[in-house]
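S.K.: what would the 3D arrangement of this be:
(2 chains)
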Amino acid sequence: MKIEVLGTGCAKCADLLERTKAAVAKSGKFVQLNKVEDVMEIMNHGVASTPALVIDDEVKCAGRLPGVEEILKWIEGK
Amino acid sequence: MWEKTVDWLIYDQAGLDAASRLGHAVHFFIYDTVKIAFLLVAIIFLITLVRTWFDTEKIRLWLHGKPAWLGYLMAAVFGIITPFCSCSAIPLFIGFLQARIPIGVTFAFLISAPMNNEVAIGLLLILFGWQATLVFVALGLIVAIAGGYLMDRLRAERWLLVDIQPLGALKRFERHEPLTQRAKEAWSHTTDLFKKIMPYVLIGVGIGAWIHGFVPGDLVARYAGAENPFAVPLAVLMGVPMYANAIGVVPMIEALVAKGMLLGTALAFMMAVATLSLPEAMILKRVLSLKLIAIFFGIVAAGIILTGYVMNLIF
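M.R.: Predicted coordinates for the structure are as follows:
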């Protein structure tokens, strides 16, 4: 599983990365976690707001900060 | 009722003289901090709850393929409820252009979002009444629409620094969540935002309290009141180097208006602080040429000055 956290480096984006790490730890799964900071690369995912969370190339949320439980559900839903 | 409680606390219990400058300042600080804190929690919660139905991607989908005039209008209106921090300016800008939304419509949104700050509007409504708020919002929308239209007429896309690849199909991420889930998320966002902006509000109220207690009324009235025809552009110039959230500026302008500053001048100052920020210009420099940023700031500054004068004339 590949998870990408898209964000240009604002506080919210750092927060999302932390929450995603926590959710991954809870799930116990083996996950490749990337932080994507390059603007053009972020835009290739088709979002118009950050932070955004992408799991296996599917955008799960954009422009808001999901809770750890919500992220966990997405990870386990895969 | 709350004012009576603070009266009792400051003047009777703490023994500060009701006629003294210090007494006035401390009274204003305590009274205003608690009042604004309460209002903020209520307003932010309501707005963030409504906002869970309107994300940027959805707005982009709605703006996509609309005739230009409708696009400007919708972009300006959506700008009111959309939160805005300067770090989201670039994704928004490129994301809109990728969806083939005209650059003018994109700018209408980019102007409206910080200028028509939804929480500041809520505070204005309670502190200054609905007439002033209505005129303020209407003028804010007109500035955003006119600014967007001008950008299209100037063919602003000439000054883009990046090559925009249009997206194919626009995706939408539907959320099917019960109200309780949305309310929970809105509440967590409210406490987050509250913690983040409270220091600014405290500074704003602090400056407001100082103005309230120690700045002589005729000083404000002379330099920033009706007697100075250049008060509005001056207020805008002063607002540019300051970068704060519009919400923190509200208590300051509340005190300034009480001291004789005209409402339009005070609001022009608030808009300039929130909209014309140097950090945002630095961020936008990565995708827009300096010339375009200068035009953008010029249009917004002119619009704010106009708004200030019109509000001064009416109120």
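S.K.: buried residues in whichever helix or strand A:Leu33 is part of?
M.R.: Applying DSSP states H and E as the criterion places A:Leu33 in strand A:32-36. By neighbour count on 16 or more other Cβ atoms under 10 Å in any protein chain shown, the buried set for strand A:32-36 is A:35-36. C-beta: built from backbone N, CA, C; applies to glycine.
S.K.: any idea of the mean pLDDT for it?
M.R.: This predicted structure assigns strand A:32-36 an average pLDDT of 93.
S.K.: packing partners for it?
M.R.: Using 3 or more Cβ pairs under 8 Å, 6 or more residues apart in numbering or on different chains; DSSP states H and E as the contact definition, the elements that strand A:32-36 packs against are strand A:2-6, helix A:11-27.
S.K.: what's it in contact with?
M.R.: Residues from elsewhere that reach strand A:32-36 (Cβ atoms under 8 Å, 6 or more residues apart in numbering or on different chains): A:1-7, A:13, A:17, A:20-21, A:24, A:42.
S.K.: please redo it, this time with the cut-off set to 7 Å
M.R.: Around strand A:32-36, the neighbours that count as contacts under Cβ atoms under 7 Å, 6 or more residues apart in numbering or on different chains are A:1-6, A:17, A:20-21, A:24, A:42.
S.K.: tell me the neighbouring strands of that strand, and mark each as parallel or antiparallel.
M.R.: strand A:2-6 (parallel) (DSSP bridges).
S.K.: and the strand it pairs with with helix A:11-27, angle?
M.R.: Counting by axes from the mean of the first three to the mean of the last three Cα atoms, to 10 degrees, strand A:2-6 lies at 160 degrees to helix A:11-27.
S.K.: who touches strand A:2-6?
M.R.: Contacts for strand A:2-6 (Cβ under 7 Å, 6+ apart): A:13, A:16-17, A:20, A:31-36, A:42, A:45, A:47, A:50-56.
S.K.: contacting residues for the closest residue to chain A within the stretch 201-315 of chain B?
M.R.: Relative to chain A, the nearest point of the stretch 201-315 of chain B is B:Arg286 (7.1 Å; Cβ to the nearest Cβ). Contact partners of B:Arg286, counting by Cβ under 7 Å, 6+ apart, are B:Ile90.
S.K.: so for it, what's the pLDDT?
M.R.: Confidence per residue is given as pLDDT, and for B:Arg286 that number is 80.
S.K.: wait, a helix at it?
M.R.: No: secondary structure assignment (DSSP: H, G, I helix; E, B strand; the rest coil) places B:Arg286 in coil, not in a helix.
S.K.: mind listing what the nearest residue to A:Phe30 once chain neighbours are set aside touches?
M.R.: Taking Cβ to Cβ, 6 or more residues apart in numbering or on different chains, and ignoring the residues beside it in sequence, A:Phe30 has A:Met1 as its nearest neighbour in space, at 7.3 Å. Applying Cβ under 7 Å, 6+ apart, one finds that A:Met1 lies in contact with A:29, A:31-32, A:55-56, A:78.
S.K.: how about the residue of chain B found nearest chain A: what's its closest non-neighbour residue?
M.R.: Ranked by Cβ to the nearest Cβ, the top residue of chain B for proximity to chain A is B:Gly95, at 2.9 Å. On the basis of Cβ to Cβ, 6+ apart, the spatially nearest residue to B:Gly95 that is not a chain neighbour turns out to be A:Ala48, at 2.9 Å.
S.K.: so the one you found makes contact with B:Ile94?
M.R.: No: under the contact definition of Cβ atoms under 7 Å, A:Ala48 does not touch B:Ile94, with a separation of 8.1 Å.
S.K.: okay, these two: which has more neighbours?
M.R.: Between A:Ala48 and B:Ile94, A:Ala48 has the larger neighbour count (other Cβ atoms under 10 Å in any protein chain shown), namely 28 against 21.
S.K.: the more buried one: what secondary structure?
M.R.: coil.
S.K.: could you check the pLDDT of it?
M.R.: pLDDT for A:Ala48: 83.
S.K.: for it, grab phi and psi.
M.R.: In terms of degrees, to the nearest 10, the main-chain angles of A:Ala48 are phi -120, psi 10.
S.K.: ok, B:Gly239 to B:Trp159 distance?
M.R.: As defined by Cβ to Cβ, to the nearest Å, B:Gly239 lies at a distance of 25 Å from B:Trp159.
S.K.: ok, now A:Ala22?
M.R.: A:Ala22 sits at a distance of 43 Å from B:Trp159 (criterion: Cβ to Cβ).
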